[in-house]
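# pasting a predicted model and its sequence here:
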Amino acid sequence: MRKALLALVLLATACGSPQLVGEDRPDLPSITGPQLEAQLAESGRPAVVNVWAAWCAPCRSEAPLLASAAAQHGDEVQFIGIDVQDNQADAKDFIERFGLDFDHYFDRDRVVPEYFGGIGTPITFFFDRSGDLVDTHLGVIDDRTLALGIDEITKR
């Protein structure tokens, strides 16, 4: 019985590749407003930049919508998340929990939203392919508003 249990445990651990979870994942890099602005201008792609925090209930409610939109439009639009006023462990858990499979940055002091003129959390910024800010949505974004914003930045 013991040998069978040991064999089962060894088989289970050998079959799966290790996944990085929680604190094992690398920390999110920091970014400033001017750095993000330069990155967006250099990319040549329109972008949806969402400012969120793990403790923010409205951010949690819109996260599945952003994950879905990134999966659907990620080939033509870059999605970027900016975590504010959190710690690294909570930020990484939030990204993992909601399957936010796009680039994220850490901005504990809220310098990015202040640079682009947004207040509160969540905030969604829409940038055209030149890196110019087209629109800012304060608060929870719904599917219609997100779709209209994506449509606007892809047509420019």
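That came through fine. Numbers count the residues shown, from 1 in each chain.

# okay, and the helix or strand of this structure with the least pLDDT?
helix 2-15 (a mean of 38; mean pLDDT, DSSP states H and E).

# how far away is A69 from D90?
Separation of A69 from D90 (CB to CB, to the nearest Å) stands at 23 Å. Any C-beta I mention is one placed from the backbone N, CA and C, and that applies to glycine too.

# which one's more surrounded, these two?
A69 (22 against 15; other CB atoms under 10 Å).

# wait, a strand at that one?
No. Counting by DSSP: H, G, I helix; E, B strand; the rest coil, A69 is not found in a strand; it is helix.

# now for it: which residues touch it?
Shown in contact with A69 (CB atoms under 8 Å, 6 or more residues apart in numbering): 48, 79, 146-147, 150.

# mind putting those into TSV with pLDDT?
As requested, the contacts of A69 are exported to TSV (pLDDT from 0 to 100):
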residue	pLDDT
V48	98
F79	98
L146	98
A147	98
I150	98
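
# hang on, the earlier thing: following the least confident helix or strand of the chain, which helix or strand shows up next?
Once helix 2-15 ends, the next helix or strand along the chain (criterion: DSSP states H and E) is helix 33-43.

# and that following helix, C-alpha only, in CSV?
Taking Å, rounded to 0.1, in the frame of the first residue of the first chain, the C-alpha atoms of helix 33-43 are listed here in CSV:
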residue,chain,number,x,y,z
GLY,A,33,4.3,58.1,-16.8
PRO,A,34,7.1,59.3,-19.2
GLN,A,35,8.4,55.7,-19.5
LEU,A,36,4.9,54.4,-20.4
GLU,A,37,4.4,57.3,-22.8
ALA,A,38,7.6,56.5,-24.6
GLN,A,39,6.9,52.8,-24.7
LEU,A,40,3.4,53.4,-26.2
ALA,A,41,4.8,55.8,-28.9
GLU,A,42,7.5,53.3,-29.9
SER,A,43,5.2,50.3,-30.1
